[in-house]
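Asker: Need coordinates for the below:
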Amino acid sequence: MPCISGRHNFRQILIEVAIVHPDDKSQHDGSTSSYLKNAQTFTALVDTGATTTMISPRVVAKIGLVPIGKMPFGGISGERWHNAYLFHVGFAGHPVPLSVVQVPDPDLDAKWAKVHVYKPVIKGGELPDGTGFDVLLGMDVISTGRLEIDRSGDFSFTF
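Answerer: Now for the predicted structure:
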């Protein structure tokens, strides 16, 4: 099973993920592991308190996603309606800390060549601007694997 591990700052876990357009059959074949030549990577906040994965307007623009309607999302300020999108989330399985991997740097591109794509399409909402991250990784994805958070500052996510 692939595993992502790293250090958290005792407040949050940030990782790099690939967001894949659901119609991009040339890069994603629907299997659990795909080779992605032009993976778009984004910073994701791992949020066990979020039910659904959400993406920023920057992700929407870079991937070329089109809203499929609106969905209600609850937060600390109550329930609000946000644009909804379909997309896939991918994780790189490699030993290098995700924070140093940037595609398409040719020296690091091979490390992101094998991306484990979460098979079901995600129906997620649009985050407001200014959150400091581009993807809010919710329990719809997290609960498909095993997330371990250690008091020493280490974390791992096996999927």
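Asker: C-alpha from now on. contacts and neighbour counts both.
Answerer: Will do.
Asker: report the longest helix in the chain, please.
Answerer: helix 57-63 (DSSP state H).
Asker: May I see the buried residues of that helix?
Answerer: 57, 58, 59, 60, 63 (16 or more other C-alpha atoms under 10 Å).
Asker: Could you count how many residues lie near residue 12?
Answerer: Residue 12 sits with 11 neighbouring residues when counted by other C-alpha atoms under 10 Å.
Asker: quick revisit: for the longest helix of the chain, packing partners?
Answerer: Helix 57-63 sits against strand 14-20, strand 40-46, with contacts defined as 3 or more C-alpha pairs under 8 Å, 6 or more residues apart in numbering; DSSP states H and E.
Asker: Please point out which parts of the first one sit buried.
Answerer: Translated: strand 14-20. 14, 15, 16, 17, 18, 19, 20.
Asker: ok, now the last one?
Answerer: Within strand 40-46, the residues that count as buried by 16+ other C-alpha under 10 Å are 40, 41, 42, 43, 44, 45, 46.
Asker: Also stretch 129-138?
Answerer: 133, 134, 135, 136, 137, 138.
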